[in-house]
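Student: 3D, please:
(2 chains)
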Amino acid sequence: MPVRNEVSWTALVSGYLKCGKVDEGMEVFGRNPFRDVFSWTAVISGLLGSGMGLRAMGVFKEMLGCGVLPNNVTFVSVVRGLRLNKPEMARRVFERMGKKDVISWTAILDMYVEMGDMEEARRVFNDMPERNEVSWSAMISRYSQKGNSVEAIKLFRQMIENGISPNSSCFSSAINALANLKALYTGKNIHAHVTKIGMASDVFISSSLVDLYGSCGYCTDARLVFDTIQNKNVVCWNTMISAYSSNDQLDEAKKLFDQITMKSIGSWNSLVTGYLGNEQYDKVFEVFNDMLLSGQTPDISTFSSVLCACASLTSLGKGKGIHGKTFKLGLQRDVFVGTALVDMYAKSGDIESSKRAFSKMPEKNEVSWTAMIQGLAENGHAEESLETFEEMERTTSIKPNELILLAILFACSHCGLVNKGLHYFNSMESLYNIKPNERHYTCAVDMLSRAGRVSEAEKLMMSMPCEPEVNAWAALLSGCKTYGEDEIAERTAAKIQELAEKKSGGYVLLSNVYASAGKWPEVMKTRKLMKERGLKKTGGCSWIEVRNEFHLFYSQDATHIDLIEIYGVLELLKSDMLVRFQQKVDIGSLVNRMI
DNA sequence: GTAGGGTTAG
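Tutor: Below you'll find the model as predicted:
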């Protein structure tokens, strides 16, 4: 029998643990006559690698109980095991370490990075007596992931200035940051550089390059890089799918998706997001169903996309079904999912459920508050919308964004709080550093017009730095009508007429004005005029959901498969109404209202 | 013989 020394015992223990054979590894460790620090450490890190953090910590205690002193490597492993649950304890262990090398410093740095505490991470980073490429890359990658791409690039530059050669991880993180910034030119420079030093074939670097070209709208270049990758992993496939998805090439995306043999959750999500971005909501649900059938469990990203599709279709039934699924997986309170739920319920008109979802979220971000404030305003709960906004200002450090201010103006306008609304409108730039856009102006014009301050509304229209929206003209005109401001009405009508000659929006407005007055022949005339002059109007579309299927009806293009039958039913309804109400019904206007 | 970092989807 060969004699085993302490080195071979440790190698054996570690070998078993690394391939997941925990019981065998522990059994060998139990028989090991040389239980030195190496072998204990092998067990601790092996257990951690198998996801048995608690057991690993138990072994650490046992080791201390046996009087074996931990070394640098043991500390790094222990910190790795403690960092997520007990960061303070990990820090204490680190403080007590005799000799701290660059790896242990990086381990503690990474702990803060992992926790998302970039301030503390930066402090550790600055205090480190020595940094290597791993310490740099931990910082660079997290800055980039956290959306602080500028800082990531700054560090990357600083690193090169400090004479450290970036490894593949640093390059991929830096390219990732450049992709976020859509800095194609600099990205291309790095591409040339990594090609020159023979690192372009690295799968991490090339995946980032695929992302860079995709993010900048260059799918062909992204594909060129993708095709050169030798050992493609699932992430680079997903990145390429996203590149196609985000550039409206869904057919290519789907083709690639079908070629992946081992699909990950990211593969499904890339496709779902693509269809969502392309407003192909039926496909979103189709892929979601296929995903469930394939046995893949949806995650936060999937749910927020699918809920967003429900919101866009205002499909309360479907949305509730998805809500149930998030509940089963315990994801309903997550900040992304919760926000999507708030938005879905609000857009579908179920404001009570929306409020409930919002109140149950333990963490809320800017988007969550925006969804709630906007939802309340658009559902006619103007005062509550303003209260929620004030609560946000009082309890959080979130700065109001364009959309929140729009909702606030909308709310003020609808509760008749003209002065308050105007105060917000006038202080947008000075207080919140947001330049009012045409939509904000429309709200302000609407506010003034509704309150009878029509001439002020007109003045505001004239002073706009951007072109007024059609709705603003409509608001002004309706103010004139309500308050009998004939002079302004005349000027406004002339202006609209003038606009109508120039662009399609004017004609749409004109036809809408006629429609609201019930002057159908004029509406038809205007539309005909538009057609003759080659002006296009986005066709109006409405839909209903029947037994899980969506039926779409376009205002100008009657293409529904059961069109003849539908018209038949309408005829029946018409004659029924004629009998019941003894009244003439114009089938044309009836159809117009229904479709 | 024991240890640290990275690419996609919201």
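Student: where's A:Ser427 relative to DNA strand B, distance?
Tutor: Computed as Cβ to the nearest atom of the strand, to the nearest Å, the A:Ser427 to DNA strand B distance reads 31 Å. Placement of C-beta: from N, CA and C, glycine included.
Student: quick one: residues contacting that residue.
Tutor: Neighbour list for A:Ser427: empty [criterion: Cβ atoms under 8 Å, 6 or more residues apart in numbering].
Student: for A:Val59, see how far away it is.
Tutor: 61 Å (Cβ to Cβ, to the nearest Å).
Student: same question, A:Gly330
Tutor: From A:Gly330 to A:Val59 the distance is 30 Å (Cβ to Cβ).
Student: which of these two has more neighbours?
Tutor: A:Val59 (21 against 8; other Cβ atoms under 10 Å).
Student: so which strand or helix has the more buried one?
Tutor: helix A:53-65 (DSSP states H and E).
Student: right, is that helix up against DNA strand B?
Tutor: No: using Cβ under 7 Å from any atom of the strand, helix A:53-65 stays clear of DNA strand B, coming no nearer than 11.2 Å.
Student: quick one: list the elements packing against that helix.
Tutor: helix A:37-49, helix A:72-82 (3 or more Cβ pairs under 8 Å, 6 or more residues apart in numbering; DSSP states H and E).
Student: let's see that with 10 Å instead.
Tutor: When contacts are defined as 3 or more Cβ pairs under 10 Å, 6 or more residues apart in numbering; DSSP states H and E, helix A:53-65 packs onto helix A:22-31, helix A:37-49, helix A:72-82.
Student: chain A: strands as residue ranges?
Tutor: Here chain A has its strands, by DSSP state E, at A:541-546, A:549-554.
Student: just the buried positions in stretch A:418-425, please.
Tutor: Neighbour-count burial for stretch A:418-425 flags A:418, A:420-422, A:424-425 (criterion: 16 or more other Cβ atoms under 10 Å).
Student: so A:Gly452 touches A:Ile488, yeah?
Tutor: No: with contact defined as Cβ atoms under 10 Å, A:Gly452 does not reach A:Ile488; the gap is 11.7 Å.
Student: what touches both of these two?
Tutor: Counting by Cβ atoms under 10 Å, 6 or more residues apart in numbering, the shared contacts of A:Gly452 and A:Ile488 are A:Gly479.
Student: okay, the two: which has more neighbours?
Tutor: Taking other Cβ under 10 Å, A:Gly452 and A:Ile488 do not tie; A:Ile488 has more neighbours (19 against 15).
Student: tell me which two of the buried residues of stretch A:418-425 sit farthest apart.
Tutor: A:Val418 and A:Tyr424 (11.0 Å; Cβ to Cβ).
Student: overlap of the contact sets of those two?
Tutor: With Cβ under 10 Å, 6+ apart as the test, A:Val418 and A:Tyr424 both reach A:412, A:444.
Student: look up how far A:Ile265 lies from A:Thr273.
Tutor: A:Thr273 is 12 Å from A:Ile265, by Cβ to Cβ.
Student: actually A:Tyr507, not the one I wrote
Tutor: 48 Å.
Student: those two: which is more packed in?
Tutor: A:Tyr507 (23 against 17).
Student: now do the more buried one, the pLDDT please.
Tutor: Predicted confidence (pLDDT) for A:Tyr507: 71.
Student: next: A:Phe285.
Tutor: pLDDT at A:Phe285 comes out at 96.
Student: for A:Thr492, same thing?
Tutor: So, for A:Thr492, pLDDT stands at 83.
Student: isn't it up against A:Ser455?
Tutor: No: in this structure, A:Thr492 is not within contact of A:Ser455 by Cβ under 10 Å, at 11.3 Å.
Student: overlap in contacts of those two?
Tutor: A:479-480, A:485.
Student: how about the top helix by length along chain A, which residues are buried there?
Tutor: Looking across chain A with DSSP state H, the single longest helix is helix A:563-581. For helix A:563-581, the neighbour count (16+ other Cβ under 10 Å) marks A:Ile566 as buried.
Student: who are the packing partners of it?
Tutor: strand A:549-554, helix A:587-594.
Student: switch to 7 Å and redo it
Tutor: Under the contact definition 3 or more Cβ pairs under 7 Å, 6 or more residues apart in numbering; DSSP states H and E, helix A:563-581 sits against helix A:587-594.
Student: weakest of the helices and strands packed on helix A:53-65 by average pLDDT?
Tutor: Looking at the helices and strands packed on helix A:53-65, the bottom one is helix A:72-82 with a mean of 85.
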